[in-house]
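Undergrad: My questions concern the predicted model and sequence given below.
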Amino acid sequence: MAIANSTDGIWVNNDGLRIKMTGRAEAALGTAGEYREGLGSHHLTSIDVVYSDVAQGLTDTNVFILDYHNYLPSTAVIDKVVFTTGTAFAAGGDVLLNFGLVRRSDFTTIVDADGIVNSLADDQIDTAGQVTVIDGSTATYAGALMGVQAGIGHDSVICTYWETTAPTSGTGILHIYWRDAAANV
């Protein structure tokens, strides 16, 4: 039986190993969540997007991972993406947002940096409440991975980067509607 000594922060394992706890342990909160539609193979992954995170993704070879906990499986097929602007994105000039995938196995191998959303333009994100829908019927802003097996054989996390001018303010939610190609539902 494991015992915790609450007065000095010492945990004693079943085998007698003593572990000193240095402060309060807390789980890191993610910025994304996933929902599954009923018992089917359709899913929705929603990711909070904040300008300060986007600004850290400098190029298509130096991206920022938005959430390490939620991922698209190797069998995911992206059917639609919806970007909803919370507060307007602003910059000293035009800002273009890109969203793509990085392999979950190492968090460094970029699958396609703008494979989900390619250069979402300033006029689509400069007004609070603005909604941009990207699906098979709208080639504008659709990344190369739209409609294909997204992870290309690898579970992948969502990344971002900006083009033209770094954003100085703005928030939004990226909704990725995807289905599991391997599901028999």
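TA: On my side now, so go ahead. Numbering: from 1, shown residues only.
Undergrad: contacts and neighbour counts: CA atoms only from here.
TA: Fine.
Undergrad: In this structure Ser41 contacts Tyr177, no?
TA: No. At 10.8 Å, Ser41 does not count as touching Tyr177 under the criterion of Cα atoms under 8 Å.
Undergrad: between those two, which one's more packed in?
TA: More crowded of Ser41 and Tyr177, by other Cα atoms under 10 Å: Tyr177, with 21 against 16.
Undergrad: Report all helices and strands that the longest strand anywhere in the chain contacts.
TA: Looking across the chain with DSSP state E, the single longest strand is strand 76-91. On a contact count with 3 or more Cα pairs under 8 Å, 6 or more residues apart in numbering; DSSP states H and E, strand 76-91 meets strand 110-120, strand 131-135, strand 167-180.
Undergrad: This structure: helices as residue ranges?
TA: Taking DSSP state H, the helices of the chain run over residues 51-54.
Undergrad: Quickly list what the residue positioned nearest the centre of the chain is bridged to.
TA: Closest residue to the average C-alpha location of the chain: Ile158 at 3.6 Å, with Cα atoms, centre = their mean. On the basis of DSSP bridges, Ile158 is bridged to Leu101.
Undergrad: quick one: it and His69 touch, right?
TA: No. If you go by Cα under 8 Å, Ile158 and His69 don't touch, sitting 10.0 Å apart.
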